[in-house]
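A.B. asks: Pasting the sequence and the predicted coordinates here, then a few questions.
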Amino acid sequence: MNSAIQVWLDQQCAQIDGAAGGVVMLLPRGGRAPLAAAASWPAGAAANEELEAAAKAAYEQQAPQAQPRLNGAQRPVPLGPVISHPIQVKGRTIGALAVCLSPEASVPAQSALESVERGVGSFETFMRGQLAAGKASKTGSASRGSASSNPASARSASSAASGSSSAPRKPSEDVERTAEMPAPNSVRILHLLATLEAHEGFRAAATAFATELAEMFDCDRVAVGLAGRRHVKVEALSHSSEFKSNQGLLRDIGAAMEEAIWQGSTLVFPQPDGAQPRVDRAHATLASRHGAIAIYTILMVKAGKPVGAITLERSRTDPLPRSEVTLSENIGALLGPLLELKRTADRPWPLKIWQALREAIAPLTGPGHRLTKIVTGCAVALLVAAALVSGEYRVSAPARLEGAMQRVLVAPGEGYLKQAHVRPGDRVKEGQLLAEMADEDLKLEQRKAQSAVAQLETSLGVAMVSGNRAEVGMLQARLDEARAQLMLVETQLERVRLTAPFDGVVITGDLTQSLGAPVKKGEALLTLAPEHDFRVMLEIDERDIGDVKLGQAGTLALAALPGTPLAFEVHRITPVATAGDGRNFFEVEARVRDRSAELRPGLQGVGKVEAGSRSLLWIWTHRVVGWIRLTLWSWIG
């Protein structure tokens, strides 16, 4: 671990202009002991106490430090500022880095501090890469030869090869060894993933993917193919963007891929000793016709089903190690679905719709999915039965109950309300007194008119006795006018008493709350409706008015009497639509056939008009179908 830290420190100090020395202070395992020097620069030099103190200060204060160096006696390094910065791994501070600059350095301290911050930020990533490379190296050495079974002989062999096992390695040798190590499998897979994501189009991504595989596994040719409706189609070849001219090669590679997909496993040609026998006729044909010595066909799997294959061809006699074959299988399983997704996204939208339909009906046509098939079959049977079986179609609409005839009683003239004998909801009989107006003023006018008539009658008698014809004619006219005025006053007196014109129910007009209030001539006081003669007003939606005809029967259910449906018959259809409650409707008048003592004008409910016999499917879907037709017509005309 210290050698890796030394390599990292060498890199960081080499990148800082004017660096004269450096030290890395880390916590030991467990984190309880104080900081200890893990590496110093230049390599092999004794750690400077001032650098260690600066590193400890940065660790304790959890912040970067830039301190000038004091001039003192016997300094081992030139004078210059000291820059220190804490080192964090996974959000936890584990140590600090301190670097001193020479006085001849031209770089500002702030720039040097920024360089140190960038270097510290790469510490965690660098150490993870070193650990992963070390694990890969140990795994590879454990699988090679018999040296791993005898540690003593392995150490002696290693010592003999290196010349001396006790000689320390230089940091530059560690860097060279790290560079020569193969990248871990996860890094290689991530590199392939980045290659796929770097290309928008499917064909370019597949070609780059095949080329990277060819370089990764040292192959002469790598082909990538995806399963189609009937056959596997070769989509890309390594190092070739235009490959459709060689149809014979593509046909042979596709046959080899289909051979592996049909058997559901990786195929290796020629088959290794002791392997389970496989059908490899197509692979043998591909090898004989196109000069490949070793062929490896790897499956690409999505949701447990093969979606394609990768064929690797080599002209070398040495086979791929088993670890590399396993890696290629993992690549096919991990990145195969991404290739399939890119191909789907690159298709034109009609093919996308067709593919979606095929995937939707696949559970109904393929094996298994018994429950889905049963449910779908029942749904189809229900739809067929609904299309064949007829039912009674009824148009539903909000409804209200009103009196068949309504009479409004108004004030006969200007005056004051004297008495009220009924209230809304009271049943009344014909001729029953309902309310009275104040009549004192009218009675005074009546007596005045009577007196005027009597005087004129007396004067007329005297004129007739005297034989004055002119005076008789004049008095006769005045007498007629006075009698007419008297009759008018008497008529007004008769009308101050409001009586019921027929048997019925008072609907509106609570006069008991306004006794003595002035009223104007013609002002509505009471409203009466017949007690047992009603009409139904239906608010038929404009989408259903075409299905309603005169004479059609229906049923009314009132909110007050939900268990007592009332039969009615359509009597009149209003030709003008009314807008209300966010919709357009037509008012349809119907006559109630049944009469009940519990009915009251103003009750509301739901009415249903019988509009003939239709199929159940049409009854259930005509509203939706009508909306779709209207929407499509509004879009395309």
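C.D. replies: Good, I have the coordinates.

A.B. asks: From start to finish, how long is stretch 63-82 in a straight line?
C.D. replies: One end of stretch 63-82 to the other measures 14 Å (Cα to Cα, to the nearest Å).

A.B. asks: average model confidence for it?
C.D. replies: The average of the pLDDT scores along stretch 63-82 is 63.

A.B. asks: Under the pLDDT cut-off, which ranges of the chain? List them.
C.D. replies: 1, 29-33, 44-47, 69-79, 105-107, 109, 128-184, 241-245, 595-597, 637 (pLDDT under 70).

A.B. asks: Quickly list the domain ranges of it.
C.D. replies: Using automatic domain parsing, the domain parsing of the chain gives 2-133, 185-346, 407-527, 533-636.

A.B. asks: How far away from the center of its chain is the longest one?
C.D. replies: Put plainly, it is domain 185-346. Its chain's C-alpha centre and that of domain 185-346 lie 38 Å apart, by Cα atoms, centre = their mean, to the nearest Å.

A.B. asks: before we move on, what about the first one?
C.D. replies: On the basis of Cα atoms, centre = their mean, domain 2-133 is displaced by 51 Å from the centre of the chain it belongs to.

A.B. asks: list the buried ones in the strand or helix carrying residue 394?
C.D. replies: Using DSSP states H and E, residue 394 maps to strand 390-403. With burial defined by 16 or more other Cβ atoms under 10 Å, the residues of strand 390-403 counted as buried are 393, 394, 395, 397, 399, 400, 401, 402, 403. Placement of C-beta: from N, CA and C, glycine included.

A.B. asks: Name the residues of stretch 616-623 that come out as buried.
C.D. replies: Quick answer for stretch 616-623 (16+ other Cβ under 10 Å): 616, 617, 619, 622.

A.B. asks: should've said stretch 454-471
C.D. replies: Within stretch 454-471, judged by 16+ other Cβ under 10 Å, the buried ones are 456, 459, 460, 463.

A.B. asks: Show residues contacting that stretch.
C.D. replies: 472, 475, 476, 478, 479, 482 (Cβ atoms under 8 Å, 6 or more residues apart in numbering).

A.B. asks: In helices only, show me the residues you listed.
C.D. replies: 472, 475, 476, 478, 479, 482 (DSSP state H).

A.B. asks: Name all residues that make contact with the fourth one.
C.D. replies: Applying Cβ under 8 Å, 6+ apart, we find residue 478 in contact with residue 456.

A.B. asks: which helices and strands does the strand holding residue 394 pack with?
C.D. replies: Here strand 390-403 touches strand 504-508, strand 524-530, strand 534-541, strand 553-558, strand 583-592, strand 604-615, helix 616-636, going by 3 or more Cβ pairs under 8 Å, 6 or more residues apart in numbering; DSSP states H and E.

A.B. asks: got a markdown table for the ones you listed, with distance to residue 37 too?
C.D. replies: Formatted as a markdown table, the helices and strands packed on strand 390-403 follow (distance: least, Cβ to Cβ, whole Å):
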| stretch | distance to residue 37 |
| --- | --- |
| strand 504-508 | 102 |
| strand 524-530 | 106 |
| strand 534-541 | 88 |
| strand 553-558 | 93 |
| strand 583-592 | 85 |
| strand 604-615 | 90 |
| helix 616-636 | 77 |
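
A.B. asks: nearest to residue 370, of these?
C.D. replies: Shortest distance between residue 370 and the helices and strands packed on strand 390-403, using Cβ to Cβ, is found for helix 616-636: 27.0 Å.

A.B. asks: Give the buried residues for stretch 266-280.
C.D. replies: Applying a neighbour-count criterion of 16+ other Cβ under 10 Å, one finds 266, 267, 268, 269, 280 buried in stretch 266-280.

A.B. asks: what's the answer for stretch 593-606, then?
C.D. replies: Those would be 599, 600, 601, 603, 605, for stretch 593-606 by 16+ other Cβ under 10 Å.

A.B. asks: Just give me the closest of those residues to residue 288.
C.D. replies: For those, the minimum distance to residue 288 (Cβ to Cβ) is 87.6 Å, reached by residue 605.

A.B. asks: For the nearest residue to residue 303 once chain neighbours are set aside, which residues are in contact?
C.D. replies: The shortest distance from residue 303 to any non-neighbouring residue, by Cβ to Cβ, 6 or more residues apart in numbering, is to residue 337 (8.0 Å). By Cβ under 8 Å, 6+ apart, the contact list for residue 337 reads 300, 301, 302, 303, 307.

A.B. asks: Residue 337 belongs to a helix?
C.D. replies: Yes. Per DSSP: H, G, I helix; E, B strand; the rest coil, residue 337 lies within a helix segment.

A.B. asks: quick thing: my sequence starts at 13, can you match it?
C.D. replies: Understood, numbering begins at 13; the last thing we discussed is residue 349.

A.B. asks: What distance do you get for it to residue 225?
C.D. replies: 16 Å (Cβ to Cβ, to the nearest Å).

A.B. asks: What ranges does the stretch 363-512 of the chain have for its strands?
C.D. replies: Here the stretch 363-512 of the chain has its strands, by DSSP state E, counting those that start in this stretch, at 402-415, 419-422, 427-432, 439-440, 445-449, 509-511.

A.B. asks: nope, the stretch 113-262 of the chain is what I meant
C.D. replies: Under DSSP E, counting those that start in this stretch, the stretch 113-262 of the chain gives strands at 233-239, 244-249.

A.B. asks: what number of residues lie near residue 370?
C.D. replies: Neighbour count for residue 370, taken as other Cβ atoms under 10 Å: 11.

A.B. asks: What is the burial count for residue 125?
C.D. replies: Residue 125: 19 surrounding residues under other Cβ under 10 Å.

A.B. asks: what does residue 365 give?
C.D. replies: Neighbours of residue 365 (other Cβ under 10 Å): 11.

A.B. asks: give the contact list for it.
C.D. replies: Going by Cβ under 8 Å, 6+ apart, residue 365 touches no other residue.

A.B. asks: For it, give its distance to residue 371.
C.D. replies: 11 Å.

A.B. asks: that older thread, now, of the strands of the stretch 113-262 of the chain, which is deepest in the fold?
C.D. replies: By mean neighbour count, with neighbours taken as mean count of other Cβ atoms under 10 Å, strand 233-239 ranks first of these at a mean of 24.

A.B. asks: same for that one, what does it pack against?
C.D. replies: Secondary elements touching strand 233-239 (3+ Cβ pairs under 8 Å, 6+ apart): helix 214-228, strand 244-249, helix 259-275, strand 317-326, helix 334-357.

A.B. asks: Generate TSV for these, with distance to residue 569 as supplementary columns.
C.D. replies: Shown next, in TSV, are the helices and strands packed on strand 233-239 (distance: least, Cβ to Cβ, whole Å):
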stretch	distance to residue 569
helix 214-228	62
strand 244-249	65
helix 259-275	65
strand 317-326	57
helix 334-357	54
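
A.B. asks: With that, I have no additional questions.
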